[in-house]
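> structure of the sequence below:
(one chain, ligands or ions: 3)
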Amino acid sequence: MSAPHDLAIRGGTIVTASDRFRADIGIRDGRITDIAAEITGAREEIDATGLMVLPGGIDAHVHLAQPTSDGTVMADDFESGTRSAAAGGNTTVLPFAMQVKGSSLRDCVSAYHAKAEGQCYTDVSFHLVISDPTPQVLGQELPALVRDGYTSFKVFMTYDDLVLNDAELLEVFEVARRERALVMVHAEGHDAIKHMTRRLEEQGKTAPYYHAEAHHQIAEREATHRAISHAQLTDVPVMIVHVSGRDPMEQIQWARKRGMKVHAETCPQYIALTRDDLKGLNMDFEGAKYVCSPPPRDADSQAAIWEGLRDGTFEVFSSDHCPFFFENSEGTGKDNPRARTSFKWVPNGIPGVETRLPILFSEGVSKGRISLERFVALTSTNPAKLYGLYPQKGALVIGADADITLWDPTRTDTIRQENLHHGSDYTPYEGMEITGWPVRTILRGQTIVVDGQVVASKGQGAYQTRGTSSALA
Ligand code: DUC
Ligand code: ZN
Ligand code: ZN
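Ligands and ions are numbered 1, 2, ... in the order given. Sure, this is the predicted structure:
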């Protein structure tokens, strides 16, 4: 008689978004088939005594192998980016298939699939980015893609090559409503940023630090309110991504109190960094290592973000992993000749897919700011629900994919670039001390990382077609 389970995870404490309890997990053919007090006789057993057994991390906001308009090159392709994700306790990541202006959206998606095919260590699924909302895109391509399982897309309220005006935003929101897709918004006011940039440059304020002044929190607050208003007018749920501080967060709370369907995401940089990090060493170019948009704010905003993580204002905690080299010989990293002339040319983005979960675990759970159940909700269950992957992903229930991360809540470590698996040549979190570390990552029943060693083979990760967001169900 064959063994009833391929794998049993024994002796650990299972933690979900709502409960924790002592039980074993039995797995067959990549799925959870049993959760019981004691499971014996499996072909393979993992002893999880003393460990926490959590659903695998789902990072719902990463950028991999994305084309750029200025010649900068992303430091991660699908191979290195998903390897880094797996090492950081993730089993699924959601990068963006970016429409290049003037191109067919479908062609961009096909090109992105070609980059991912056979390269991934974790499962992946793509959000779309709509940069050119032509009648053909809105009338045909986008509806067809949503039906094919690309059930979320992002729009930008800033960047010359991505910004949509208000009329375009409203039209895109209408399509999201009609097709039942979740629209994600990068909410920063383009004209305000351009104005601030001009004034700062006139005063010779061109160091990376001034990126944080140009991308002022007021510009984020204004755009957040505008996005919410457009969503209310078109009666569609929205996800405001990478919310950085108190002011935009209060707009979201204001809307929610009035019954509007506004969802919100925040990221590690808004709890672990401040704008002072952009000063580098005495306002030098080191500050470019922390340039991302929206930028980190101040201690008051960090405190606000923690309140929002606790009280449910934020449902999703993603990395916004957008990795560039700091310096490389081709001059295609952050330190390039143009970027030395003004902060406005520094590529916007920082790496973080591998450090997202340890940072939230350590700063949140280990320091008593959030519960472990809330950690699971923010980093796995809620993203699965909101992006149409639940309950196949983000849940430890019978029938779900056996995507599981084992955590040692007592293990201490220090974040060091030399130990990370990403393609960047630095981490903005260098030297950060962490309590609580993922010690094993299991993807559909197969161990892909153990004690920091990636044991998966490239291509083990698979593309996941998604259903409708819980926000639209
Ligand atoms: N928006 C993102 O979501 N990531 C990096 C840069 C940006 O503007
Ligand atoms: Zn963005
Ligand atoms: Zn992003």
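> what are the ranges of the helices in the stretch 51-200 of the chain?
78-87, 105-116, 135-136, 142-147, 166-179, 190-202 (DSSP state H, counting those that start in this stretch).
> which one of these lies nearest to ligand 1?
Nearest to ligand 1, of all the helices of the stretch 51-200 of the chain, is helix 190-202, at 10.8 Å by Cβ to the nearest ligand atom. No exception for glycine: its C-beta is placed from N, CA and C like everyone else's.
> is that closest one in proximity to ligand 1?
No - shown here: helix 190-202 not in contact with ligand 1 (Cβ under 6 Å from any ligand atom), separated by at least 10.8 Å.
> hmm, who's touching the following helix or strand past that helix?
Of the helices and strands lying after helix 190-202 in sequence (DSSP states H and E), the nearest is helix 210-214. If you take Cβ atoms under 8 Å, 6 or more residues apart in numbering as the criterion, helix 210-214 is touched by 193, 196-197, 200, 205, 275, 278, 291, 293, 295-297, 343-344, 346, 348.
> okay if I get the helices of the stretch 51-200 of the chain as a markdown table plus mean neighbour count and mean pLDDT?
Below are these laid out as a markdown table (neighbours: other Cβ atoms under 10 Å; pLDDT from 0 to 100):
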| stretch | mean neighbour count | mean pLDDT |
| --- | --- | --- |
| helix 78-87 | 28 | 98 |
| helix 105-116 | 17 | 98 |
| helix 135-136 | 10 | 97 |
| helix 142-147 | 18 | 98 |
| helix 166-179 | 18 | 98 |
| helix 190-202 | 16 | 98 |
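> dump those to CSV, plus distance to E315.
Output for the helices of the stretch 51-200 of the chain, formatted as CSV (distance: least, Cβ to Cβ, whole Å):
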stretch, distance to E315
helix 78-87, 20
helix 105-116, 26
helix 135-136, 33
helix 142-147, 21
helix 166-179, 18
helix 190-202, 27
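> so for P409, which of those sits nearest?
Among the helices of the stretch 51-200 of the chain, the nearest to P409 by Cβ to Cβ is helix 78-87 (18.3 Å).
> which parts of the stretch 1-150 of the chain sit against ligand 1?
Checking the stretch 1-150 of the chain against ligand 1 by Cβ under 6 Å from any ligand atom, the hits are H63.
> check contacts around the residue of the stretch 1-150 of the chain found nearest ligand 1.
Going by Cβ to the nearest ligand atom, ligand 1 is nearest to H63 of the stretch 1-150 of the chain, at 5.9 Å. Each residue near H63 by Cβ under 8 Å, 6+ apart is listed here: 74, 95-96, 320-323, 349.
> just the buried residues out of those residues, in ChimeraX syntax.
Applying 16 or more other Cβ atoms under 10 Å to these, the buried members can be selected in ChimeraX as follows:
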select :74,95,96,320,321,322,323,349
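> if we can go back for a sec, quick check: the residue of the stretch 1-150 of the chain closest to ligand 1 vs C292, distance?
Noted for H63: a distance of 11 Å to C292, by Cβ to Cβ, to the nearest Å.
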